[in-house]
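Enquirer: generate a structure from the sequence data that follows.
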Amino acid sequence: MVDLVTRHAENVVADKTDYPNGELHILACKRHLKDLEKQNTDEFPFYWDEKASLDVIRFHEDLTIGEGYEKSKIKLLPHQQFDFGSLFGWKTKKGYRRFRRSYISMARQNGKSFMNGGLGTYVAGFSGYQNGKLFTAATKRRQAKIVWDETKKFISSDPDLSELFRIQDWKSTITANHTKCTIEALSKEGGLDEGFRAIFVSIDELHQMRDNSVYSSLYRGTRALAETLISMITTRGKDLNTFAYDIDSLAVSILEDVFIADDFYVNIYSADEDDKFSSDDALAKANPFLVTRPLLWENLIDDRSSALHMGGMELRDFVSRSLNRWFEDAENSYIDTKAWNENATNLSLKSMQGKECFVGLDLSSGGDLTSIGFDFDLGGGDSFIESHSFMPKGRLQEHIIEDLAPYDVWLSKELLTVTGGEDAFITDYLYIINYLKSVIREFDLKVLGIGYDRHNISSLLPYLDDFGVPLMEIPQSARFLNDATSAIRLEVKSGKVKHNHRNELLTWSFANATTEENSFGEIKVDKKGKTRGRRIDPVDSIINARAMRLEVQPEVDLNEKILSDEWSL
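Expert: Numbering: from 1, shown residues only. The predicted model follows:
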């Protein structure tokens, strides 16, 4: 028995495949190999079931393609074997499937609808679940029908499958006769609520969704299920202010090991950021199916020539649809993710016992995330930064769904504190002040100053005075924040800013941050895509602390420096 999934991963990582692979697909393969090494441990309570992965691969290779001049059996390509096998081969200790969500992104016409059509057929008829609900979902009913129609074609093209399923075209419903599971087309325009308990959902054309309402309505209904799969297979788009960009950013963070989500399968086939639009390699990375079909590949090359010649909207469409790149990929991320990961240490607030530091506060509006940031000067140009965040308990579950973030996990890891009870929807700022006091006492911190954003601070100023340290309002303008923002960015890149490797919430917020510039070239941080769920409050609190630090740090007496033993030419 050959482990096709692991073989593909090993070949990709070793650069032994027939066609070039993009960096994000390589990271997906590395993730699989690293998970194999740590399976069945307390840290990673999952195991690889090779037989289960081969079962789903063999099922798909037994399907019949009914579209075209004649019927033909499917022959999966290695990348397709990898995706199908990964989704069903990884198991929890109880034997349930590990992955409850998946995000697979590739260029147009590379078999996205085929993948979800096959998965739906397999789950409905052969997963062993009885009386389950499956949906093909999209914003528009017509789009939701595309994957449903793929499922229908697989069944109607195969006499054996046709005996196992009943198709009711008039109401867009397919029923598996022996399991009584149903597959229905579902759209936002047709009405969605949170009562669905779906064992499988295909969400198509994610880039057309302005918000997460389709995803959240369906995902909320799966909480009580031991197994489910919310499958998102899509192509990137051109608009960053969408749910699609949010979920894609999260997916990239998972692949880069910035964000931990063991239940989320991610694979992205795309041209790399430094690839030229005219490169054949760039095109192959985003089109793992088309590159294996000579005639289709020639057509794609012709499309590229036209797009490069015409430019403008045609080029924008080509970049997103055929290279699977966000056209605004060059958006200026705040930090170098690789450098950030390399700067992770075991340092913590406990390690800072008795040390001097600056504190920054970023207070939320109502019940959003509120953060305290700490900035320590370690000497020799090195710094250690740390943060802790807060949220009212009544908003926790809402933010888990809306922000696509595991706040419940971060709560259990003591990276986040919830304030109040189940009916608390406004942040308890006084609790946060008392928390800061307790941390200062516990670790004997010597706070040299507190920087704060004036937003929501007025009622807390008397309590901040009690700390007996310099206080400073930090104007939230690029002109004022530029020095602190630039300093942290450069120090991260040069390896001078250290952070605790356990603080996933801080890492996530830094990954969410981009920069915006004023007319003088001065910068401040902003959220990627400018959407609410991309929280950067911990970053803001750190920058407020650094701005305070830069404002009050002692000036160097040049004459004294020249006369000291440290001075030399």
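
Enquirer: output the below-cut-off pLDDT ranges for the stretch 201-350 of the chain.
Expert: 207-208, 210, 327-332 (pLDDT under 70).

Enquirer: what segments of it are strands?
Expert: 230-234, 264-268, 344-345 (DSSP state E, counting those that start in this stretch).

Enquirer: with respect to residue 304, which of those strands lies nearest?
Expert: The minimum distance between residue 304 and the strands of the stretch 201-350 of the chain falls on strand 264-268, with 20.2 Å, by C-beta to C-beta. Where you see a C-beta, it was placed from the backbone N, CA and C, and this is true even at glycine.

Enquirer: other SSEs contacting the closest one?
Expert: helix 23-38, helix 78-89, strand 101-105, helix 243-255 (3 or more C-beta pairs under 8 Å, 6 or more residues apart in numbering; DSSP states H and E).

Enquirer: looking at the strands of the stretch 201-350 of the chain, which is closest to residue 118?
Expert: strand 230-234 (10.7 Å).

Enquirer: from the chain's centre, how far out does the closest one sit?
Expert: 13 Å (C-alpha atoms, centre = their mean, to the nearest Å).

Enquirer: out of the helices and strands packed on strand 264-268, which gets the lowest mean score?
Expert: With a mean of 89, helix 243-255 has the lowest mean pLDDT of the helices and strands packed on strand 264-268.

Enquirer: got the angle between it and strand 264-268?
Expert: Helix 243-255 and strand 264-268 meet at an angle of 100 degrees, taking axes from the mean of the first three to the mean of the last three C-alpha atoms, to 10 degrees as the criterion.

Enquirer: show me what helix 243-255 is packed against.
Expert: By 3+ C-beta pairs under 8 Å, 6+ apart, helix 243-255 packs against helix 23-38, strand 101-105, strand 264-268, helix 504-512.

Enquirer: try 7 Å this time
Expert: The contact analysis (3 or more C-beta pairs under 7 Å, 6 or more residues apart in numbering; DSSP states H and E) places helix 243-255 against helix 23-38, strand 101-105, strand 264-268.

Enquirer: and the second one, which strands flank it?
Expert: Using DSSP bridges, the neighbouring strands of strand 101-105 in the sheet come out as strand 230-234 (parallel), strand 264-268 (parallel).

Enquirer: residues making contact with the last one?
Expert: What it means is strand 264-268. For strand 264-268, the surrounding residues in contact (C-beta atoms under 7 Å, 6 or more residues apart in numbering) are 24-25, 28, 83, 86-87, 99, 101-105, 251, 254-255.

Enquirer: same deal with the first one?
Expert: Here strand 230-234 makes contact (C-beta under 7 Å, 6+ apart) with 100-105, 112, 115-116, 119, 200-203, 205-207, 218-219, 222, 244, 247.

Enquirer: how about a cut-off of 6 Å?
Expert: 101-105, 112, 115-116, 201-203, 206-207, 219 (C-beta atoms under 6 Å, 6 or more residues apart in numbering).

Enquirer: tell me the domain ranges of this structure?
Expert: For the chain, the structural domains run 98-322, 337-552, going by automatic domain parsing.
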